[in-house]
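> here is my input, please return the structure:
(one chain, ligands or ions: 1)
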Amino acid sequence: MEKGDFENLKAGDKVALVCKASDSIVVINIKDQKEAKELCTEGRMIHCPTCKKEYKTTFVNPSGKGGGPQTKVVVVDENGKPCMFFAKLS
Ligand SMILES: [Zn+2]
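A predicted model of the protein is given here:
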């Protein structure tokens with residue numbers, strides 16, 4: 001998901017947090033905009049209960065400038081390798 005996708009989330013939306021390392025999925029029920037924004041905070045650590053590891057939320061900017069809505073939210077492991085991602089459920 002991109003940063004703008006998180007900004008468009010509203011109460012009642014569901015987001016899947018998928019871990020590629022362990023093939024596990026956690027479904028997050030969005031309660032409010034504040035929670036959605038917190039999910040895409042750069043540097044936020046996410047605990048994977050299956051891997052029993054902490055992964056880091058990072059921003060990847062395709063255009064190389066600013067933190068606009070098209071900024072990709074990527075969760076990486078300790079080696080900087082992408083290992084988790086968010087997907088909006090409809
Ligand atoms: Zn995992």
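> how about the residues of the protein near the ion?
Contacts of the chain with the ion, taken as Cβ under 5 Å from the ion, map to 19, 21-22, 48, 50-51. In short, each C-beta sits where N, CA and C put it, glycine included.
> just the buried members of these?
19, 48 (16 or more other Cβ atoms under 10 Å).
> what is the nearest of the residues of the chain next to the ion to residue 70?
Nearest to residue 70 among the residues of the chain next to the ion is residue 19, at 24.1 Å by Cβ to Cβ.
> check contacts around the closest one.
Residues counted as contacts of residue 19 (Cβ atoms under 8 Å, 6 or more residues apart in numbering) are 25-26, 48, 50-51, 83-84.
> could you redo the last one with a cut-off of 7 Å?
48, 50-51, 83-84 (Cβ atoms under 7 Å, 6 or more residues apart in numbering).
> longest single helix anywhere in the protein?
Using DSSP state H, we find that the single longest helix of the chain is helix 33-39.
> what's in contact with that helix?
By Cβ under 7 Å, 6+ apart, helix 33-39 touches 6, 9-10, 15, 30.
> over to stretch 44-52?
Contacts for stretch 44-52 (Cβ under 7 Å, 6+ apart): 19, 21-22, 24, 54-57, 75, 84.
> now the buried members of those residues.
Neighbour-count burial (16+ other Cβ under 10 Å) applied to those gives 19, 55-57, 75, 84.
> partner residues bridging residue 14?
residue 29, residue 89 (DSSP bridges).
> ugh, wrong one, residue 55
For residue 55, the beta-bridge partners are residue 46 (DSSP bridges).
> you'd agree it is up against residue 86?
No. Under the criterion of Cβ atoms under 7 Å, residue 55 is not in contact with residue 86, lying 12.0 Å apart.
> in the protein, where is pLDDT below threshold?
Filtered on pLDDT under 70, the chain yields the residue ranges 64-66.
> let's see 90
61-69, 90 (pLDDT under 90).
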